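K.L.:
Sharing a model that was predicted from the sequence below.
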Number of protein chains: 4
Amino acid sequence: MTKTVTSIEPRKLPRQRRAAATVDAVLEASARILEREGLPGFNTNEIARLAGVSIGSLYQYFPTKEAILAEIVRRKRIRLWEGLSAELPHADSQPLTVTIRRLVEATLDHQADNPGLARALDYAYAALPLQGETEDLNAKIIQGIAGILPDDVIPDRITAARDIVAIVRGMVDGATLAGSWRKQDLAPRICRALEGYLGVCE
Amino acid sequence: MTKTVTSIEPRKLPRQRRAAATVDAVLEASARILEREGLPGFNTNEIARLAGVSIGSLYQYFPTKEAILAEIVRRKRIRLWEGLSAELPHADSQPLTVTIRRLVEATLDHQADNPGLARALDYAYAALPLQGETEDLNAKIIQGIAGILPDDVIPDRITAARDIVAIVRGMVDGATLAGSWRKQDLAPRICRALEGYLGVCE
Amino acid sequence: MTKTVTSIEPRKLPRQRRAAATVDAVLEASARILEREGLPGFNTNEIARLAGVSIGSLYQYFPTKEAILAEIVRRKRIRLWEGLSAELPHADSQPLTVTIRRLVEATLDHQADNPGLARALDYAYAALPLQGETEDLNAKIIQGIAGILPDDVIPDRITAARDIVAIVRGMVDGATLAGSWRKQDLAPRICRALEGYLGVCE
Amino acid sequence: MTKTVTSIEPRKLPRQRRAAATVDAVLEASARILEREGLPGFNTNEIARLAGVSIGSLYQYFPTKEAILAEIVRRKRIRLWEGLSAELPHADSQPLTVTIRRLVEATLDHQADNPGLARALDYAYAALPLQGETEDLNAKIIQGIAGILPDDVIPDRITAARDIVAIVRGMVDGATLAGSWRKQDLAPRICRALEGYLGVCE
DNA sequence: CATGAATGAGCTTTCATTCAT
DNA sequence: GATGAATGAAAGCTCATTCAT
């Protein structure tokens, strides 16, 4: 009758510790499935099964399966932002290339845990009507990167920041797809591309 | 994903013109759906409807829905390879940066028609048990690019070629996601990154 | 992605005879279930099972279970209107009480086949976002009845027509609920109420 | 519908005031939901939420959701009977039409508070394995009405009483469905029908 | 007693695929 | 060959009810 508008926001916050464990289990199982099976294998029954949780419990906390996806993205973004923002304050006191390298390494550290996951999320991401906080985090990341760029050389720093993110994402996804990678191999290659893009190759 | 292995090859070659038209209609409809709705909206009933073809006819030419995807990828790769291979012969007689720019522009021309499609295919691609010809084309593209790289500066030319493809892919996808792009804006940015990566910034 | 707005209209018209049989089977099974189990027992799995049809076939023709309900209502209304409209032309040439009696009898004939069904439909009816044709039929029925009422005595003929329908409906539902009824018993009682309402008791 | 027979009686009498408040809150919330969403929206989780009571508490006092429904019906019947029985003693000392009018007005007063509720209850009513007290009240109401009917004119006073109830119910439901109504408009129309039915139009 | 997390049967609906016409 | 009706496994999700805390 009165069709409730299904949002993508988590349904209710877990008040008891037991509930938080359930939510975590669901998210972890989801991430694993996403990584192993990709988007096509991402279904709530399988998630619940792997999480060792009843399907009903899953839906206590997430109104739709997209909401699970959105929460994974949100949590990932939070952690990525934590990693990046730790580096930004030092940008003033060191050469740009060093800051860049630090940011790339932070990103690779962040991806290293579950490399396949990022690809699936990157793709799913676009399809999601992304909610406030995650969008804010994205903006923050872009702004943060834009902030370290020298405004005398870079005409449009926001576009540049977006390009930087795109380059890193593209290269990490590519490397992941081709097999596995080690930070010490991949990071320098990414940095070369970024430095070239920024015109700071010496 | 883990499914019973069915051939992904097109079921039978369309000998008659009518049949070829059917196949084309299916592929075009599929591409449109993929572009508009992404992988989740990609279903055979809808494809048949949009193609103006009965579902039965669709299955005359494609044994599974993955086969449709594979054929789209195959055709796209063919065209991309056509675009790229036309530039490669001139690589010897011109500076590397010129060749790079030509290749980037050829790629952007190729993507310009249906910008959203590439993202979906890139993602779907990995899930597919890729068949011979398409894999060959991928290899050819990588080899072709590797071939123009100076082997005195680049230690591992195959990896470099892969990175180049990844950078281009990443930046085009990023630009597509952010909105629309114009070749004359995007190409120089991509080239800067590539040149930096290759260490040829002057 | 693009959530198709689910209407209540039948999904596609059956083109082959086989398909029409499927649709009829679904509607018949639905009516039987509605009659026997009421609204709570009205579920698509049970309907398909009783209809001897796969659940998929059911959804080929009806986008939602409400659409089935709507179609049942629509078909019932058509038949009721057929029954009533056959009597209306004679209204001029006979006393009002005779016309009333004829209409009541036509209604009882119409209800006699599946007495329980009407109650469920009457209730479900209100919850349905009723579509054009059925609403039109309702209006026609009200208008038709209003048309036979003497406008010199009845101030608001539309309200009167609605009251008449309500009285008949109420008494038939009541009689059905109390057990079973015979037309020759029930019709005179209904007519007495209607005549009293219209002020034509002699 | 065909279910394992569970008692429908309230689970335990609320001895403390707090408990009575819980029961009342549940019943009020249920009524509101029933009125706004109808039978399909009537679910215990939602009821508990709207009542501001935990689902566990709800099940302390009502063994099943049907029990809630039954209790609502029971309380409504009690109040209706209170309204009606206040009028019955005067039946001897006044004309039948006056008594009828009084009873109709009492009924309308009773319905006025929550007009939509009655329809849902009337329908749900039939599905319920009605328990002793409510059935008694129904009988009392019928008997009470039958008692005021002149046995010289009305052959079967029980049937007549049932018809009267059915007419009133039908007309009130109809008026409610058509929009809202005012007692001073609706009561006379109902009375006309009843008087006609009873053959007391002057 | 109250709470609310958890359960899972069961409902609605989709969609890849087959097969009679 | 083409058609589209039919299929049914499987996915998404709800909700009555229980039970540990």
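P.N.:
Cool, the structure landed. Numbers count the residues shown, from 1 in each chain, chains lettered A, B, ... in the order given.
K.L.:
Contacts for the helix or strand containing residue A:48 next, please.
P.N.:
Element membership for residue A:48 (DSSP states H and E) is helix A:44-51. The contact list for helix A:44-51, computed with CB atoms under 8 Å, 6 or more residues apart in numbering or on different chains, reads A:22, A:25-26, A:28-30, A:32-33, A:54-55, A:57-59, A:65, A:68. (Glycine included, C-beta is placed from N, CA and C.)
K.L.:
repeat that for 10 Å
P.N.:
Where contact means CB atoms under 10 Å, 6 or more residues apart in numbering or on different chains, the residues beyond helix A:44-51 that reach it are A:22-34, A:36-37, A:41, A:43, A:53-59, A:62, A:64-65, A:68.
K.L.:
Report the buried residues of the helix or strand hosting residue A:103.
P.N.:
Residue A:103 belongs to helix A:96-112 when assigned by DSSP H and E. Within helix A:96-112, the residues that qualify as buried are A:96, A:99-108, A:110-111, counting by 16 or more other CB atoms under 10 Å in any protein chain shown.
K.L.:
which of the residues you listed sit farthest apart?
P.N.:
Longest distance between any two of those is 22.4 Å, between A:96 and A:111; criterion CB to CB.
K.L.:
From what I see, residue A:198 and residue A:154 are in contact.
P.N.:
Yes - the pair residue A:198 / residue A:154 is scored as a contact, 7.0 Å apart, by CB atoms under 10 Å.
K.L.:
Point me to the residue of chain A nearest DNA strand E.
P.N.:
Chain A approaches DNA strand E most closely through residue A:56 (1.6 Å), counting by CB to the nearest atom of the strand.
K.L.:
Residue A:196 versus residue A:94, what's the distance?
P.N.:
20 Å (CB to CB, to the nearest Å).
K.L.:
The two: which has the busier surroundings?
P.N.:
residue A:196 (23 against 12; other CB atoms under 10 Å in any protein chain shown).
K.L.:
which stretch of helix or strand covers the more buried one?
P.N.:
Using DSSP H and E, residue A:196 sits within helix A:183-198.
K.L.:
Likewise for residue A:69?
P.N.:
Using DSSP H and E, residue A:69 maps to helix A:65-87.
K.L.:
Next up, phi/psi of residue A:113, please.
P.N.:
The phi/psi pair for residue A:113 (degrees, to the nearest 10) reads phi -60, psi -50.
K.L.:
what about it, how many neighbours?
P.N.:
When neighbours are counted by other CB under 10 Å, residue A:113 comes out with 12.
K.L.:
now residue A:24
P.N.:
13.
K.L.:
mind checking pLDDT for it?
P.N.:
Note on residue A:24: pLDDT of 96.
K.L.:
Spell out which parts of chain A neighbour DNA strand E.
P.N.:
Chain A has residues A:12, A:14-16, A:18-19, A:21-22, A:53-57, A:59-60 near DNA strand E, with proximity defined as CB under 7 Å from any atom of the strand.
K.L.:
Show me what the helix or strand hosting residue A:21 packs onto, helices and strands only.
P.N.:
For residue A:21, the host element (DSSP H and E) is helix A:17-37. For helix A:17-37, the elements it packs on are helix A:44-51, helix A:55-61, helix A:65-87, helix A:115-127, judged by 3 or more CB pairs under 10 Å, 6 or more residues apart in numbering or on different chains; DSSP states H and E.
K.L.:
which stretch in those has the least confidence?
P.N.:
Lowest mean pLDDT within these: helix A:115-127, a mean of 83.
K.L.:
Who are the packing partners of it?
P.N.:
helix A:17-37, helix A:65-87, helix A:96-112, helix A:157-178, helix B:115-127, helix B:157-178.
K.L.:
In CSV: those, plus distance to DNA strand F.
P.N.:
Below are the helices and strands packed on helix A:115-127 laid out as CSV (distance: least, CB to the nearest atom of the strand, whole Å):
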stretch, distance to DNA strand F
helix A:17-37, 7
helix A:65-87, 4
helix A:96-112, 25
helix A:157-178, 24
helix B:115-127, 15
helix B:157-178, 24
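K.L.:
Using TSV, lay out those helices together with distance to residue D:158.
P.N.:
Converted to TSV, the helices and strands packed on helix A:115-127 look like this (distance: least, CB to CB, whole Å):
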stretch	distance to residue D:158
helix A:17-37	57
helix A:65-87	58
helix A:96-112	80
helix A:157-178	81
helix B:115-127	72
helix B:157-178	75
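K.L.:
picking that back up, please indicate which of the residues of chain A next to DNA strand E are buried?
P.N.:
Listed as buried from the residues of chain A next to DNA strand E are A:22, A:53, A:57, A:59-60; burial here means 16+ other CB under 10 Å.
K.L.:
Pick out whichever of those residues sits closest to DNA strand F.
P.N.:
Distances from DNA strand F to these, taken as CB to the nearest atom of the strand, are shortest for residue A:59 (3.5 Å).
K.L.:
how much space between that closest one and residue A:10?
P.N.:
Here the criterion is CB to CB. By it, residue A:59 lies 11 Å from residue A:10.
K.L.:
joint contacts of these two?
P.N.:
If you check residue A:59 and residue A:10 against CB under 10 Å, 6+ apart, the residues they both contact are residue A:67.
K.L.:
ok, so what distance separates the nearest residue to residue A:189 once chain neighbours are set aside from residue B:139?
P.N.:
For residue A:189, ignoring the flanking residues on the chain, the nearest one in space by CB to CB, 6 or more residues apart in numbering or on different chains is residue B:163 at 5.6 Å. Using CB to CB, residue B:163 is found at 16 Å from residue B:139.
K.L.:
now the least confident helix or strand in chain A by mean pLDDT, how far from the chain's geometric center?
P.N.:
Of all helical and strand segments in chain A, the minimum by mean pLDDT, DSSP states H and E falls on helix A:115-127, at a mean of 83. Taking the mean of its C-alpha atoms, helix A:115-127 sits 8 Å from the chain's own mean (CA atoms, centre = their mean, to the nearest Å).
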